[in-house]
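Chemist: The following comprises the amino acid sequence and a computationally predicted model.
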Amino acid sequence: MHGLILKLNSMNTVSLSFDSADFHGKIIDSAKKRLGDYEDRSAARGATFLNPNFKKAGFQSNNHADQAHQQIEADVRKALRDRDAASSAINVSDGENPMEVPPPIATGLLAFLTDKVADHQRNATSTSDAIIIVRQYAELPPNLDINPIKYWNSNTDHETVLNQVAHYYLCIPATSVPAENLFSKAGYIISERRNSLSPAKARMLIFLHGNTRFG
């Protein structure tokens, strides 16, 4: 969106006729009206930041770029906490370290601080890790010659958790065209002659019809 607006504004309209210049102005107004608030959307901000072609350079507003950076840090922090919680649960269920002595439980007036201190330590670790992971990615210059999905599938320089967050954002369709195509395909599959299909079978047929090109 940022590149489109810049390109339109950079066009020389001096030599254009009145009608052409008016049309040019309407295109700019329409683009700003339709896409002006694009960076206000959290999904669009996250996808732009995690696209190695753009990163922070792809934003029209520096404020939106900073918001995207903070947003991804929060997502990575949450993913790290979830991973640590799942790992702890697996270790307990597998009975690891059965002879390990549990930490002493505080008693007395300061007993209420035990859980708070432990939570603070876990939060501090995940927060610092998230800041480092996202900063290392953001400091690398954008690469315009790479496919974003291939980049995240093959890149081993970043934490796995950042890969997961990137795939979460980059799998979002940029437009509603795929959904509209899917509705059209559903109309061919669920016809008057096949109106007794169960919902489960209809969903499977639509899924197969829409994804055969990936097979």
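Modeler: Alright, I've got the coordinates.
Chemist: in this protein, what spans have low per-residue confidence?
Modeler: 1-2, 14, 35-36, 89-124, 156-159, 214-215 (pLDDT under 70).
Chemist: Show me which helix runs longest in it.
Modeler: With secondary structure taken from DSSP state H, the chain has its longest helix at helix 62-94.
Chemist: Quick check: buried residues in that helix?
Modeler: 64-65, 67-69, 71-73, 75-77, 79-81 (16 or more other Cβ atoms under 10 Å). For the C-beta atoms, the positions are set from N, CA and C on the backbone; glycine is no exception.
Chemist: Thought Y188 was touching I206, still the case?
Modeler: No - using Cβ atoms under 8 Å, I206 is not in contact with Y188, being 9.6 Å away.
Chemist: Between the two, which is the more surrounded one?
Modeler: I206 (17 against 10; other Cβ atoms under 10 Å).
Chemist: How about the more buried one, nearest residue that isn't a chain neighbour?
Modeler: Once flanking residues are discounted, I206 sits nearest to A186: 5.3 Å by Cβ to Cβ, 6 or more residues apart in numbering.
Chemist: could you point out which element follows the helix or strand where the one you found lies?
Modeler: Using DSSP states H and E, the element containing A186 is helix 177-189. With elements assigned by DSSP H and E, the helix or strand that comes after helix 177-189 is helix 199-211.
Chemist: now the angle from that next one to helix 177-189?
Modeler: Interaxial angle, helix 199-211 versus helix 177-189 (axes from the mean of the first three to the mean of the last three Cα atoms, to 10 degrees): 120 degrees.
Chemist: Buried residues, helix 199-211. List them.
Modeler: Quick answer for helix 199-211 (16+ other Cβ under 10 Å): 205-206.
Chemist: For that helix, give me every contacting residue.
Modeler: When contacts are defined by Cβ atoms under 8 Å, 6 or more residues apart in numbering, helix 199-211 is touched by residues 181-182, 185-186, 189-190, 197.
Chemist: Now with 6 Å, please.
Modeler: 182, 185-186, 189-190 (Cβ atoms under 6 Å, 6 or more residues apart in numbering).
Chemist: okay, the residues you listed in JSON lines with distance to Y38 and neighbour count next?
Modeler: Output for these, formatted as JSON lines (distance: Cβ to Cβ, whole Å; neighbours: other Cβ atoms under 10 Å):
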{"residue": "L182", "distance to Y38": "23", "neighbour count": "14"}
{"residue": "K185", "distance to Y38": "28", "neighbour count": "14"}
{"residue": "A186", "distance to Y38": "29", "neighbour count": "16"}
{"residue": "I189", "distance to Y38": "33", "neighbour count": "14"}
{"residue": "I190", "distance to Y38": "34", "neighbour count": "16"}
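Chemist: and those residues as a markdown table, adding distance to H167?
Modeler: Output for the contacts of helix 199-211, formatted as a markdown table (distance: Cβ to Cβ, whole Å):
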| residue | distance to H167 |
| --- | --- |
| L182 | 21 |
| K185 | 25 |
| A186 | 26 |
| I189 | 29 |
| I190 | 31 |
